[in-house]
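Trainee: Give me a model of this one.
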Amino acid sequence: MSLTLAAHGAYALSFIIDILGAGGAKPPEIAVAMSSACARHRCRSMTAVPSGSAFWRFSLGFYRQGGVAEACIRLQDLEGVDVNLLLFLLWQAVGGRVLSERDIEELERRIAPWRNATVIPLRTVRRALKPAPGLIPAPAAELFRIKIKATELEAERLQQEAMDELAGSSPYGRKVSSIEEAARGNLACYAMVCQTSFPEPEIATLLAALGSPEPKLEE
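Mentor: Residues are numbered from 1 along each chain as shown. Now for the predicted structure:
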């Protein structure tokens with residue numbers, strides 16, 4: 001599935017500018033907002049139902065849980081986490097899998113080149129345009145920023161699709177019986193890889209969201 005807004009035109013874009021205006025919004029949040037905007041305004045050219053890999057669908061559902069977006073952004077900005085890797089570890093936890101530090105380091109090695117070449121530069125440009133420099137009229141500058149947001153979304157979706165394939169070809173970690181045990185183990189190992197400790201309020205938010213009816217492991 002491509003959620004790149006260039007394929008849908010300025011008409012659909014005009015409906016989502018208001019709901020995508022928060023400079024801290026992360027791409028899974030963008031996809032949820034796009035679907036909501038499409039439903040409200042009957043934009044039949046936009047895909048309202050998320051598709052893609054099981055990991056991508058999990059991310060879209062999990063990210064809309066209360067407090068999750070804010071917790072992920074804080075961990076990204078303050079602790080240096082890759083939100084896609086964080087979501088991957090939580091997705092694996094739903095399947096009862098605990099990854100080792102070595103597993104996470106290997107994942108980081110595999111995904112870092114793509115993230116550093118695409119996701120981070122696009123995020124940097126997007127944030128630099130809020131507010132935009134004064135040369136360009138504000139509506140045109142905002143439209144341009146939204147297109148960059150959509151491209152950032154697509155870069156993250158592609159990263160997640162690749163990570164899903166990695167998990168399918170060679171399952172990571174070991175099985176445990178409890179989702180919470182798996183999630184806590186994965187978060188602890190990721191914190192060690194990041195050489196930091198994740199704040200307990202953010203951990204609590206993510207664990208509470210995992211316990212809600214929305215997150216599930218799809219085949």
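
Trainee: Skip the chain neighbours and tell me the closest residue to E79.
Mentor: Once flanking residues are discounted, E79 sits nearest to T196: 5.0 Å by Cβ to Cβ, 6 or more residues apart in numbering. To be clear about C-beta, it is placed using only N, CA and C from the backbone, and glycine gets the same treatment.

Trainee: Could you list every helix and strand that the lengthiest helix in the chain packs against?
Mentor: Looking across the chain with DSSP state H, the single longest helix is helix 138-169. Helices and strands touching helix 138-169, by 3 or more Cβ pairs under 8 Å, 6 or more residues apart in numbering; DSSP states H and E, are helix 9-16, helix 27-41, helix 54-63, helix 83-94, helix 101-114, helix 120-128.

Trainee: Out of the ones you listed, which gets the lowest mean score?
Mentor: With a mean of 35, helix 9-16 has the lowest mean pLDDT of these.

Trainee: so how far is the longest helix of the chain from its chain's centroid?
Mentor: Computed by Cα atoms, centre = their mean, to the nearest Å, the separation of helix 138-169 from the middle of its chain amounts to 9 Å.

Trainee: Check the gap between the residue of the chain most remote from its centre and K147 for me.
Mentor: Centroid-distance maximum for the chain: L135 at 31.5 Å, with Cα atoms, centre = their mean. Distance of L135 to K147, computed by Cβ to Cβ, to the nearest Å: 17 Å.

Trainee: Could you give me the buried positions within stretch 152-160?
Mentor: Across stretch 152-160, burial judged by 16 or more other Cβ atoms under 10 Å covers 152-160.

Trainee: Reformat those as JSON lines; add pLDDT and distance to R174.
Mentor: Below are the buried residues of stretch 152-160 laid out as JSON lines (pLDDT from 0 to 100; distance: Cβ to Cβ, whole Å):
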{"residue": "E152", "pLDDT": "97", "distance to R174": "34"}
{"residue": "L153", "pLDDT": "96", "distance to R174": "33"}
{"residue": "E154", "pLDDT": "97", "distance to R174": "33"}
{"residue": "A155", "pLDDT": "97", "distance to R174": "31"}
{"residue": "E156", "pLDDT": "97", "distance to R174": "28"}
{"residue": "R157", "pLDDT": "97", "distance to R174": "28"}
{"residue": "L158", "pLDDT": "97", "distance to R174": "28"}
{"residue": "Q159", "pLDDT": "98", "distance to R174": "25"}
{"residue": "Q160", "pLDDT": "97", "distance to R174": "23"}
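
Trainee: can you name the two of these that are farthest apart?
Mentor: Greatest spatial distance among those (Cβ to Cβ): E152 and Q160, at 12.8 Å.

Trainee: could you say which helix or strand contains G66?
Mentor: Using DSSP states H and E, G66 falls within no helix or strand.

Trainee: Once you drop chain neighbours, what's closest to it?
Mentor: Using Cβ to Cβ, 6+ apart, the nearest residue to G66 is A209, at 7.2 Å.

Trainee: could you give the angle of the one helix or strand the one you found maps to to helix 83-94?
Mentor: For A209, the host element (DSSP H and E) is helix 200-210. Compare the direction of helix 200-210 with that of helix 83-94 by axes from the mean of the first three to the mean of the last three Cα atoms, to 10 degrees and you get 50 degrees.
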